[in-house]
Structure formats: structure tokens, C-alpha cells
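S.K.: predicted coordinates and the sequence they were generated for:
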There are 4 protein chains.
Amino acid sequence: MKLTLKKNAYGKNAVNLSKVIRHADYHEFRQISVNVSLEGDFETAHTLGDNSKILPTDTQKNTVYALAREHFVDSIENFALILANHFIQYNSQVTQVNVEIMEYPWQRMVFDEKPHHHAYVGGSSEKHTTSVVQTADGVQITSGIKELLILKTTDSGFEGYIKDQFTTLKETADRIFSTQCEATWDYVSADLDFTSLYTQIRETLLKTFAHHKSLSVQQTLLAMGTTVLENHAEVSEISLKLPNKHHILFNLEQFGIENKNEIFIATDEPYGYITGTVTRE
Amino acid sequence: MKLTLKKNAYGKNAVNLSKVIRHADYHEFRQISVNVSLEGDFETAHTLGDNSKILPTDTQKNTVYALAREHFVDSIENFALILANHFIQYNSQVTQVNVEIMEYPWQRMVFDEKPHHHAYVGGSSEKHTTSVVQTADGVQITSGIKELLILKTTDSGFEGYIKDQFTTLKETADRIFSTQCEATWDYVSADLDFTSLYTQIRETLLKTFAHHKSLSVQQTLLAMGTTVLENHAEVSEISLKLPNKHHILFNLEQFGIENKNEIFIATDEPYGYITGTVTRE
Amino acid sequence: MKLTLKKNAYGKNAVNLSKVIRHADYHEFRQISVNVSLEGDFETAHTLGDNSKILPTDTQKNTVYALAREHFVDSIENFALILANHFIQYNSQVTQVNVEIMEYPWQRMVFDEKPHHHAYVGGSSEKHTTSVVQTADGVQITSGIKELLILKTTDSGFEGYIKDQFTTLKETADRIFSTQCEATWDYVSADLDFTSLYTQIRETLLKTFAHHKSLSVQQTLLAMGTTVLENHAEVSEISLKLPNKHHILFNLEQFGIENKNEIFIATDEPYGYITGTVTRE
Amino acid sequence: MKLTLKKNAYGKNAVNLSKVIRHADYHEFRQISVNVSLEGDFETAHTLGDNSKILPTDTQKNTVYALAREHFVDSIENFALILANHFIQYNSQVTQVNVEIMEYPWQRMVFDEKPHHHAYVGGSSEKHTTSVVQTADGVQITSGIKELLILKTTDSGFEGYIKDQFTTLKETADRIFSTQCEATWDYVSADLDFTSLYTQIRETLLKTFAHHKSLSVQQTLLAMGTTVLENHAEVSEISLKLPNKHHILFNLEQFGIENKNEIFIATDEPYGYITGTVTRE
């Protein structure tokens, strides 16, 4: 029985880049983290240590900075497309390029209802992501949002589930529903207004979460995914990961105090984890 | 030479509590993390393992949840005062109570310019903090803000510093200035509108940072501290910690590309760390 | 075009469990974190909020603790098998169970070359992992090691790679090679001595890393994977992820000091990331 | 009332440095993280933005790398002394230098009971620390250990404590005692064999923890501190921080299963936090 090298890839992760675009009336500030990964004919690097087909990850990093000056001008999707195209065009041994970009959000400071010229506040956990996969056959763009921490204080219940010998959970018609939402969706084309679409899809996700009368996390997940597909023809499929950030009712009754669904223990672990993908048939 | 037990303390950290306050027209959601620490006559617990003067940290935790129902109704400062007072009042062996509370920010979702009734977005790194120290002599309230990530793309330089044989840094009249600001300030009284003051002081810090023509981090630090004291008589002293979140100009010239102060490497380590305290004489 | 729910799953993550096994002459201490995830006929939970086929994640958690008493007695692989079998046996709507277990290493303290009866030191980043996937068709066990931080100070070079207009990396015949190794391997059977195999495979990985004359990370990766397959017939396939933990030569020459491959900057980001899978044909 | 700048300091944190020392028969590998902080006459930097007395933090960083070649040859204490002395000697405006060094542990790999020539395993959370404070009056060296994760499965109880209306904790004569120990101790001199002392003090801490019949964390803390002072005349004072890493008995009885002190929930938050300092009178 022969041993063979199956799937392999290499690249540079966490290329942290920031850019100042100096507009006439304000400064735009963008901060991203880029991952590049190459697949292709690298067999001899593994078997012989022959690096003649290896573009060093250090060079990949330099390329990201170099191309950012001219080409990182609007959406992370468009910059990722430029990068993927560059690596596949100039490296014939490469059959697939994967570029992932994560953007950190920065908001201009606002004083007296006027955005400041060049001062920003950052620090949100929420990030806009994109993944571009380019091969000879074409390109697939999958964008998303991650670490979007959302919560609703009502319109969420969980009842009617299976009971067995290990059940201790109490049914409730009114609980806190909180999750650190991660969503990724496939675009049908590489020629779209990605910035505008991202804003719209984010809004759709938030609105559906807020307005849904949730009988389970599963039901809300499907509602969120379905609404995105119904409202955005540019999206062919969406996947959602909804880890439960539990807020558990504290037992105040043991102290003779009533807890009218007011006081909760916030816990990180263990956590329920609900995932699903909605697609067009 | 005799060995003695000097300063000692014990308590419960990271008591994670959330509360829903159900107003007529919307739900208020608050999430905090509480640390309690007691000092006092605990010598025999250390020397003999005699726990008769020890209020278990588990009970301290329960007390936080129990008192939150009635007493966590507005500012974290007021709730911390209630907690500190409770522990010192019911435990005669305790000479000092330290209560620290950190509040996680949650913003109501807004759709069509209208805040939603009960849906929230969280996830900001920025936290409001307070520390209450209560003894027989009285109480000191020190509030603050932490992990406030701020950045300005201009109006910051660094020139005219010492050069020696290990200097490689280039002088610049125009750099990115970014910091994860931590500020703590002492209040002169326990009877203040802490919620309003916090909002005002935060605004003062942001404004000063944004508008200052910075010749060094040190100069901006003093400006921020001084402005808070000048504008808020309720504050007797303020300390600032301004770690430098460096954005370093990437050398594009080595590739024959001009970098007109546009493309930067964002780095976390190593980082400059500037601290200072401004007080009233 | 109809919308459909594709792949979906739900379960409990980070069920943190510890166990003391009181042997006659010493106490054994084990600490694990368990993830359970169920797939199956959950369509109506998503579409209707009908939870009648949902075994709550809270019950899954309780089940892990309940079964641990009798069944977590040796390898994490065997405990994962018991758990997977339990969930599929008692839940006819479930078509696939995924159980992941990660074990935290604890070492008995040793004094005067004698292991202590019941005191332990922990804290290593290295973890033993297993993933058991059970369906009607059978079971697949994939075990692994993660966050294994290893380093060699020599016998590693990187030369002869592609140079282009963005190349700045210097070729070197002698560099530091450090990685936080993650390896996962498929076992050919569910009836193996998993504890002994894990120890052997870990040793094989370390030995190959240490003794290999590395011309590239890719070459060492293949050597590590190949040696495991050659030495352990119980393994059908192995995947390795070798992020480069860079130690970059510091330029002391600019200060007139010679750096004879002695002084390095340790950096976390950006980092090279090399992955590959070796299999039997 | 005039505003004044009180305590202020600035410096460079997280200067991550690694060094290979090539001995005849093996390679020694060391990895440290250095913080430098300067205090002194920096008033005009704050008030005027006059940087003429400011040694840039970037230069401080370069200095650490430059001096490491010749002077980082044995203990982190001795290297910290060299660094502190350098900064105070060449900067007359500096009145106090604080140098903190944290060392990451790396162990040589061992095959067939023989340590390998140049391959290492790292990844332990445990770190050796030192803090050197130098002024015109002299120097104080405070060394320590941090993130030392230790656990004992028995010989620990907690009984006889205060009960009040919020008590729910059950007394126990036999519980798991686990802590992530942080200890710092003051040395009486700058001319000591720090490497040997560190090994001895670490051993003393572990032994005392393991052998102590603990009636409370407080009692064990005092025992650990006292034993170090009794055994090591070179230490004048020791402080310990013992956060409780709780392992809480899981209630299996609710399922009709006996839990003979075997199955525990491992939790990180909330956690008891016990601190104390033992000194010579």
C-alpha cells in the first residue's frame, strides 16, 4: 500500500493592514486582516524539499501590502478578488487561491451630531468577512459576518421537547435569547455592489432576529436564513451558526425573594450550538 | 525574626449577572460582572484554619444576585455602594470592602430610526467600570472606562526626541495615533448622578483626544486628564493608561511604489505604554 | 425556486467535566471538555417550532455527566464511543451523532523522584483530542493532538524559492523552526488500545520533527505524516497543520554588533500556515 | 486650585525576544518578554510636547535586543539588572527604571532517556517572572512564578464558616483544591544565584501545597508563604494570589446515581480569589 500526499495548502495568515484614504472633507480609515492560501503543484516541495515552485509566504504578505495601495479602495470583496487573481495569474503552478479578509469596524466619532474629520472609535467584536476561492473554473465569493452579539429579552420560548431520565431543564414560554451570530453567504456573481449588499443583509438578519416569535433557536435560524434568501436574489445559499449565550434564571426563591424573570446568571460554558444552511433548490 | 501575615484579602470575582427591567414601552437590559473582596480580622483562618469569621465567597456571590433584584436599578456605582454597605454592615470582622463592577454595553437595535422594544446589539470592547472601597472612615468611589479603542489618522507627530546608538525610529510630523484607553477617576462624593457624569466624562475624553494637536502621547494624555478636571468639579483626580496600538508605515518604496502615508502594518506587540495621573493640588 | 434547509445540527459544546478515580495507592485526575452534536430529522423544529423531536442540549450535558461515572474509565475515545452510542440508541430521529472530547493534561507532582499520591500540575497548551462520528453505517474515530508547541534551533533551512518583484525574504540554510502542531488521524477500527496508540503516535511525531533535516516546512510535514503511517498500521490517514511561529533574526549589524544567529524577534502575526494530509492509497 | 501631573511613566511592553546559545554539546533556547518603564523628569513632554528628554520606546526596544547578545546569558534577573542599569546610567533625566521580564519555559525533548541536542517542547502556562526597580537609592529585585496551575484531589476541606440568609454552600471535609498560583517574592540582595533559588522556591511552593492538610485556601496560602520564608533566607517577603479554579460536585443523585466524590463540573467563573503577603518583622 503506497502512501500519498492528498490535499495540501500553504500561505500567510493574519496579514494585518490598515489604510488611510484622505478624502477632501474627511479621512477614511480601514483595518483588515488577510489570509492567503495556495493550492497546486507543490509535490516536490514535500517530497524533495525543492522550493523552486514555492512563492514564500513572506512574499505573499508583501504582495498584500503592495497591492493594497492601488486596489484596496472599496469593498473587501473586490480587494480579495484582485489578490486572488494576482496570485493565480503570476504562478502557473497554482491551481487554487483562497483569500480571506476580515474587516474590523471603525466608526467616525460624532460630536454635536457632526462626524469628526479624522477621529474614530473601534473595538466592536463584530467583523465583516469574505472568502474568495479562485480556480481555472472561476471564482466563488462567500461573505459573512462574525461575532455579531445579539440578544432579545422576550419573544423567545422553549417548550414541548423530549423528556428522559436526565432531563432537568424547565420549560419556559419567555426566556432571554442571546447568540454570537456567525453567518456566511454565497454570492451568485463577482460583479455586485458588495458594500451595499453587506449592509442590507446585516439589517435583514437583525430585523428577523428582533421580530421573530421564537419557539426554538432552530426556528429562528431558519427564519433568518430564509428571509435573507427571499430578499436578496444575489445570495444563493446562507449558513448560520448560533451559539447560545445563556442567561439562566437565578433561583432567588430559595431566599424568599421573587424572581419575576428579572435576574439572570450569564454563562459562557457549556453552551448550546445550533447550525444550519438554507439554500435554493 | 518573626514571620507575620501582612495585607490579605479574599472574595469572589467574575460574578456575571444580567437583569431585565421591563418598562411599559421597552425592556432595559443590563449585564455586569462583579468582584467582591473583603479585608479584616481573618488571622485565625490563615493560622488555624478556623473559618468562623469567613463569609464564604459562594455566599458573597449569592448576595450579589439577591440584592440585584431590588437595588440594581440605575448606575453601577449605586449598586456597588449598596453591596459594600451590606457586607460591612453585617460582618463586624470586616474592616474594608472592595466592590468592583464592570458593565458590558448593550445598545437597543434601531430600525427605521426607531429603537426596538426588546432587541439589543452588544460586543463592544469598551466597558464602564467602578470601584467602591468602604471602610469605617467612609467610602471612595473610583469610576472609569476601559478598552476604549480610539484612533486618529492625523494631528499627531513625534519629533525632537533623544537619539543614541540604538535609535532607528524616524521622526514624523504626521502619524496614526491609536490607543486602547483606560481611564479611572475619583469622585469627590457618593451622592452624584453617576450615569450622567459617566456620559459627560466619556465625551470629554473623546473630544479632547480628537481635537488635540498631539506632539506626543504624553502631551495628549495630560490634555485629556486636565480637561476632565477642568470640566467636572465632581472629579478630584484622574489616571490614564494609553497603550500605543501601533500602525507602522509599510516600506513600499523598496518595490518602487510610493507610500503617501496610506498603507500601514497594524501590530499588537511590542507596544509603547504611557501612563499618568492628573490631580488637584 | 424553493428554499430548503440543507445540513443542520445542534448540540452542547464545552461540557467541562473532571473526574477523580481513587486507586488504592494514588488518585487519578482527569479533566475533559465534551462537545455533542446531533443530526437527523429536525425539520419541524426549524419550520414549525415543534420541539417534540428535540433532545435539549441541557439534557445532552446532563447525560455526559451521568454516563461519566460508570463509563469514563480509560481513554477519551472509549468514552466518546459510549456517548455516541447512547444518543443514537435512544433517539430514533437522530441519524448522526458527533462527539468531540478534548483532554487537558495533568501530571502528578514528583518529589524525590516519587510521584505524589494526589497532587498534580497542569497548564500545558497541548491537548489530546478525539472525534467520534456515529451513524447507522458505523463509526469513525479520529483522534489527534493540538496546540503542541515545538521548536528546533537548527537543521532547518529555506532556500531556492521563487523570487519576484515583492521578494524581501533572505535565503537561509539555518533558521529556527517552530510550530504549534495540530495533527488528526483516522483509526481503522473502534477496538484499539487508544491510550497506548496516542502515546506512541505523539512520540513518532516529536521524533520525526526533531531528527528531520528540514528544507521546508512542507517537507517536514510530509515526513511526520509518512512516518506515522509507516509505523502505525492502525492509522489510515493523517492530517497536519503547522502554523509557523516565526523567530526572525534581529538586525544587530545596524548597531555594529554581530548577530551570529543568536538573537531573534518572536512574533505571532502574520504567520505562515502549512497544511497537508497523508493517506494510504 | 491648580492641576498637577502626579505619577507618570512610559516605556515599551511585550518586547518578545528569543536567544539560541550554541553550547558544544547542545543548543540552549530561551524565550522572554520584556517590559521597560521609565520615570523621571518628563514634565515638559506632557506640558509642551517637548520630547528632548524622551528616549523613544522604540529605542528602548532596540536596546533590549542589542544588550541581549552579550548580557542575556543566565538568569532573567541578571539581564533585567543590566537593562535597568543601562537606562539609568545613560539617561540623567530618569530617576526610576522598571524592568519586568517573563520567561516562557521550553523543555528539551527526551528520547530514550536522552535529551535531544536542539529540539524543544514548550506551551506551559507557567512562567518565571522578575521585576527590577532601580533608583538612585539602589535596586529591588522581585521575582515570581505565574499561571502555575496546580490541583490536589484530597486533603482539602472547608467547614465551620458563617451561615446567613444567602448561604447555599454545603460544608465538605474533602474537596478538590485547584488554583492558578501566582507568587512574587522580594530578594534581599542583587547578588544571588537566581536560577538556583527559583528552582528551589518553586519546589518549596509545590511541596507545601501538596502536603498541606488544608482547612481553607487561606490556611494553605499562609503555609506556602511561611515555608518559603523559613527555608530561604534570601527572601524577605512573599505575596501569593490563589484564585480558586472550582471543581464543583455534580448532582448525580437527582438521576438516582451515586456520586462518590468522583464527577465534577469544572468552572472558570465566578471564582474565589484569595490573596496574602507574608513578611519578616
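M.R.: Yep, that arrived. Numbers count the residues shown, from 1 in each chain, chains lettered A, B, ... in the order given.
S.K.: the residue in the stretch 151-281 of chain A that chain C sits nearest to and chain B, how far apart?
M.R.: Closest contact between the stretch 151-281 of chain A and chain C, by CB to the nearest CB, is at residue A:215 (2.6 Å). Backbone N, C-alpha and C define where each C-beta goes, glycine included. Residue A:215 sits at a distance of 17 Å from chain B (criterion: CB to the nearest CB, to the nearest Å).
S.K.: just residue A:131 next, same as before
M.R.: 21 Å.
S.K.: in a strand, that residue, correct?
M.R.: Yes. Counting by DSSP: H, G, I helix; E, B strand; the rest coil, residue A:131 is located in a strand.
S.K.: any idea what it is bridged to?
M.R.: residue A:100, residue A:142 (DSSP bridges).
S.K.: touching, it and residue A:84? I think so.
M.R.: No. Counting by CB atoms under 8 Å, residue A:131 does not reach residue A:84; the two are 10.0 Å apart.
S.K.: next, show the common contact partners of these two.
M.R.: A:98-99 (CB atoms under 8 Å, 6 or more residues apart in numbering or on different chains).
S.K.: show me the contacts for residue A:108.
M.R.: Residue A:108 touches A:26, A:115-116, A:119-120, counting by CB under 8 Å, 6+ apart.
S.K.: also residue A:179?
M.R.: A:149-151, A:217, A:242-245.
S.K.: go back to these and keep what's next to chain B.
M.R.: Contacts with chain B within those, as defined by CB under 8 Å from any CB of the partner chain: A:149-151.
S.K.: what about these, which are in helices?
M.R.: The members of the ones next to chain B among the contacts of residue A:179 all map outside helices under DSSP state H.
S.K.: spit out the contact partners of residue A:251.
M.R.: Residue A:251 neighbours (CB under 8 Å, 6+ apart): residue A:259.
S.K.: residues from the stretch 51-200 of chain A in reach of chain B?
M.R.: A:62, A:65-66, A:68-69, A:106, A:109, A:111, A:116, A:118-126, A:147-155, A:176, A:180.
S.K.: narrow these to those in strands?
M.R.: A:109, A:111, A:116, A:118-121, A:147-152, A:180 (DSSP state E).
S.K.: any quick ChimeraX command for the buried ones out of these?
M.R.: Buried subset of those, written as a ChimeraX selection, criterion 16 or more other CB atoms under 10 Å in any protein chain shown:
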select /A:109,116,118,119,120,121,148,149,150,151,152,180
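S.K.: let's have the ones in strands among the residues of the stretch 51-200 of chain A next to chain B in CSV, adding distance to chain D and pLDDT.
M.R.: Output for these, formatted as CSV (distance: CB to the nearest CB, whole Å; pLDDT from 0 to 100):
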residue, distance to chain D, pLDDT
A:109, 22, 98
A:111, 23, 98
A:116, 21, 98
A:118, 19, 98
A:119, 18, 98
A:120, 22, 98
A:121, 23, 98
A:147, 20, 98
A:148, 23, 98
A:149, 17, 98
A:150, 22, 98
A:151, 19, 98
A:152, 24, 98
A:180, 17, 98
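S.K.: biggest separation within the ones in strands among the residues of the stretch 51-200 of chain A next to chain B, which pair?
M.R.: Pairwise distances across these (CB to CB) peak at 36.3 Å, for the pair A:118 and A:152.
S.K.: so what sits opposite the closest residue to residue A:141 other than its chain neighbours in the bridge?
M.R.: Spatial nearest neighbour of residue A:141, excluding adjacent residues (CB to CB, 6 or more residues apart in numbering or on different chains): residue A:187 at 4.5 Å. For residue A:187, the beta-bridge partners are residue A:235 (DSSP bridges).
S.K.: just checking, residue A:187 touches residue A:236?
M.R.: Yes. Counting by CB under 8 Å, residue A:187 touches residue A:236, with 7.4 Å between them.
S.K.: between the two, which one's more packed in?
M.R.: Neighbour count, other CB atoms under 10 Å in any protein chain shown: between residue A:187 and residue A:236, residue A:187 has more, with 22 against 17.
S.K.: show me what contacts that one?
M.R.: Contacts of residue A:187 (CB under 8 Å, 6+ apart): A:77, A:141-143, A:194, A:197, A:234-236.
S.K.: give the burial count for residue A:181, as a bare number.
M.R.: Residue A:181: 22 neighbours (other CB under 10 Å).
S.K.: report the two of the contacts of residue A:179 separated the most.
M.R.: The distance between the two most remote of those (CB to CB) is 15.0 Å, for A:149 and A:217.
S.K.: and the lengthiest helix in chain A, anywhere near chain C?
M.R.: Looking across chain A with DSSP H, the single longest helix is helix A:194-211. No. Helix A:194-211 is not in contact with chain C by CB under 8 Å from any CB; minimum separation 13.7 Å.
S.K.: what residues of the helix or strand just after that helix count as buried?
M.R.: Next in sequence after helix A:194-211, counting helices and strands by DSSP states H and E, comes helix A:217-231. Of the residues in helix A:217-231, A:217-229 count as buried by neighbour count, 16+ other CB under 10 Å.
S.K.: what's the answer for stretch A:118-137, then?
M.R.: For stretch A:118-137, using 16+ other CB under 10 Å, the buried residues are A:118-124, A:126-135.
S.K.: can you give me the end-to-end distance of it?
M.R.: 43 Å (CA to CA, to the nearest Å).
S.K.: so where's chain A shaky on pLDDT?
M.R.: Within chain A, the ranges that satisfy pLDDT under 70 run A:1.
S.K.: for it, longest strand please?
M.R.: Ranked by number of residues, the top strand in chain A under DSSP E is strand A:3-22.
S.K.: so for it, what gets flagged as buried?
M.R.: So, applying 16+ other CB under 10 Å, buried residues of strand A:3-22: A:3, A:5, A:8-13, A:15-20.
S.K.: export these as CSV, with columns for distance to residue C:257.
M.R.: Shown next, in CSV, are these (distance: CB to CB, whole Å):
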residue, distance to residue C:257
A:3, 47
A:5, 43
A:8, 40
A:9, 39
A:10, 34
A:11, 34
A:12, 30
A:13, 32
A:15, 30
A:16, 29
A:17, 32
A:18, 32
A:19, 35
A:20, 35
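S.K.: right, and out of the residues you listed, which lies closest to residue C:159?
M.R.: residue A:10 (16.3 Å).
S.K.: for the closest one, name its beta-bridge partners.
M.R.: residue A:38, residue C:274.
S.K.: what's near enough to touch it?
M.R.: Contacts of residue A:10 by CB under 8 Å, 6+ apart are A:37-38, A:42, A:54, A:57, C:217-218, C:272-275.
S.K.: return the member of the residues you listed nearest to chain B.
M.R.: So of those, ranked by how close each gets to chain B (CB to the nearest CB), first place is residue A:57, at 15.4 Å.
S.K.: angles on the backbone of that closest one, please.
M.R.: Main-chain dihedrals, residue A:57, degrees, to the nearest 10: phi -60, psi -30.
S.K.: got it, and residue A:278?
M.R.: phi -110, psi 130.
S.K.: returning to what we had before: not counting residues beside it along the chain, what's closest to the residue of the stretch 151-281 of chain A closest to chain C?
M.R.: residue C:49 (2.6 Å).
S.K.: that neighbour contacts residue A:214, doesn't it?
M.R.: Yes. Under the criterion of CB under 8 Å, residue C:49 is in contact with residue A:214, at a separation of 7.5 Å.
S.K.: tell me the residues of chain A that contact chain D?
M.R.: Residues of chain A lying near chain D (CB under 8 Å from any CB): A:165-166, A:168, A:254-256, A:267-269.
S.K.: what angle separates the helix or strand that contains residue A:86 from strand A:3-22?
M.R.: In the assignment (DSSP H and E), residue A:86 maps to helix A:76-90. With axes from the mean of the first three to the mean of the last three CA atoms, to 10 degrees defining the directions, helix A:76-90 sits at 130 degrees from strand A:3-22.
S.K.: so how far is helix A:76-90 off the chain centroid?
M.R.: Relative to the chain's own centre, helix A:76-90 is displaced by 19 Å; criterion: CA atoms, centre = their mean, to the nearest Å.
S.K.: all set, thanks.
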